[in-house]
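Q: build me a structure from this.
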Amino acid sequence: MLRSLGILVTVLYACAVAVATWPQFFRLENTLPFAQIIAMRGALVVVFAALTLLFLLFAAARKIRGFALSMAIVSMLAAVASGVILGMRGYGSSDLPAKTDTSLRVMTWNTAGNAAGSDSIAQTAVAMEADIVVLPETAHGVGEEAAVLMRDLGRPMWVLGEQYNADIEHGPQAWQTTFLISPELGDYAVIDASRDGTTMLPTAIAMPIEHDGPIIVAAHAVSPRPEYMDAWRTDLAWLADQCVDGNVILAGDFNATIDHMARLGAEDNDLGWCRDAATATGDGAVGTWPTSLPSLLGAPIDHVLHTSQWVATGSVVLTSLDDAGSDHRPLIVQLDAADTE
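A: Residues are numbered from 1 along each chain as shown. The predicted model follows:
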């Protein structure tokens with residue numbers, strides 16, 4: 001009887017572990033509670049490794065040795081599987097390649113309002129030679145302050161953005177998404193369609209004016225809290241639709257990892273017709289949120305994605321600004337024009 005119960009518990013545990021490790025196979029990656037669990041894949045490795053050790057200790061008891069060893073093996077396989085997946089996405093790089101004449105550097109940083117401060121934004125963007133700076137949860141005025149500081153540091157920028165609920169005074173800065181664009185990329189304008197995009201937090205779509213530069217999408221999807229799950233799924237689907245088969249760069253806070261995008265890519269792309277630059281360049285496993293956790297235990301929910309007109313040649317997640325005030329880390333990506341010959 002006990003033996004049969006042990007086998008049943010082990011089988012049920014193995015099923016639960018399989019769903020938690022690869023919910024995409026069961027089409028559950030965007031449902032409660034698996035969406036929240038899989039976001040912290042690095043933490044999953046630690047949890048399953050700890051369970052492996054715990055069950056190995058239990059195996060010292062002769063009566064439950066077989067059961068404990070079976071549970072330890074399942075836990076170990078889960079830890080190894082997630083570790084391998086993270087390794088394939090990349091545990092982090094520290095350098096960007098030298099810029100070329102065709103290079104663009106894109107920085108995205110959810111600054112949690114003005115928690116990080118315009119000075120930190122400006123100095124980081126200038127130091128990283130950013131051409132596009134996407135700032136979810138950043139007021140337009142903060143973006144203007146950062147642009148002035150960047151101008152004084154020799155790197156002028158245009159300031160664009162989108163705001164929801166503009167008629168409400170002193171609303172949360174999460175209702176604003178601001179981004180900076182180097183004048184060297186040409187003139188841009190935010191289109192009205194931005195207002196009909198993501199459900200609760202604004203995404204801004206900037207179209208090039210009389211030049212063939214990329215469409216720039218500064219994204220902010222709502223977080224997958226239990227009460228916002230439908231809105232979150234709608235946001236991700238809408239963002240995927242913005243990654244059309246054209247010249248698009250999409251960056252910002254997606255509140256989603258690559259795992260959540262599993263069924264939102266066209267052909268072999270990650271989201272719509274876009275590829276995730278950090279995953280392609282060895283930073284896909286580095287958590288950008290929260291700064292209170294080590295980067296390899298956090299969730300990589302901030303992204304820079306691009307269509308086939310660009311090739312990602314480098315990326316870096318900055319951990320040196322974990323005390324700057326924001327709960328997100330800046331992600332900087334270098335894109336180079338794809339060889340069309």
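Q: the helix or strand hosting Leu160 packs against which elements?
A: Leu160 is part of strand 158-163, with elements assigned from DSSP states H and E. Applying 3 or more CB pairs under 8 Å, 6 or more residues apart in numbering; DSSP states H and E, one finds that strand 158-163 contacts helix 140-152, strand 176-181, strand 188-190, strand 204-208, strand 215-220. Where you see a C-beta, it was placed from the backbone N, CA and C, and this is true even at glycine.
Q: just checking, next helix/strand downstream of the helix or strand where Ala312 lies?
A: Using DSSP H and E, Ala312 falls within strand 310-317. Heading C-terminal from strand 310-317, the first helix or strand you meet, by DSSP H and E, is strand 331-337.
Q: list the buried residues of that following strand.
A: Residues of strand 331-337 classed as buried by neighbour count (16 or more other CB atoms under 10 Å): Leu331, Ile332, Val333, Gln334, Leu335, Asp336.
Q: show residues contacting that strand.
A: Outside strand 331-337, the residues that touch it by CB atoms under 8 Å, 6 or more residues apart in numbering are 96-97, 99-100, 102-109, 128, 130, 249, 251, 277-278, 281, 283, 288, 302-304, 306, 309-318.
Q: ok so, going back, nearest to Arg151 among the buried residues of strand 331-337?
A: Ile332 (19.9 Å; CB to CB).
Q: buried stuff in stretch 267-280?
A: Those would be Asn269, Asp270, Leu271, Gly272, Trp273, Cys274, Arg275, Asp276, Ala277, Ala278, Thr279, Ala280, for stretch 267-280 by 16+ other CB under 10 Å.
Q: could I get these as TSV with distance to Ala115?
A: Shown next, in TSV, are the buried residues of stretch 267-280 (distance: CB to CB, whole Å):
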residue	distance to Ala115
Asn269	33
Asp270	29
Leu271	27
Gly272	31
Trp273	34
Cys274	29
Arg275	31
Asp276	26
Ala277	25
Ala278	23
Thr279	27
Ala280	30
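Q: inside helices: which ones of those residues?
A: Of the buried residues of stretch 267-280, the ones assigned to helices by DSSP state H are Ala277, Ala278, Thr279, Ala280.
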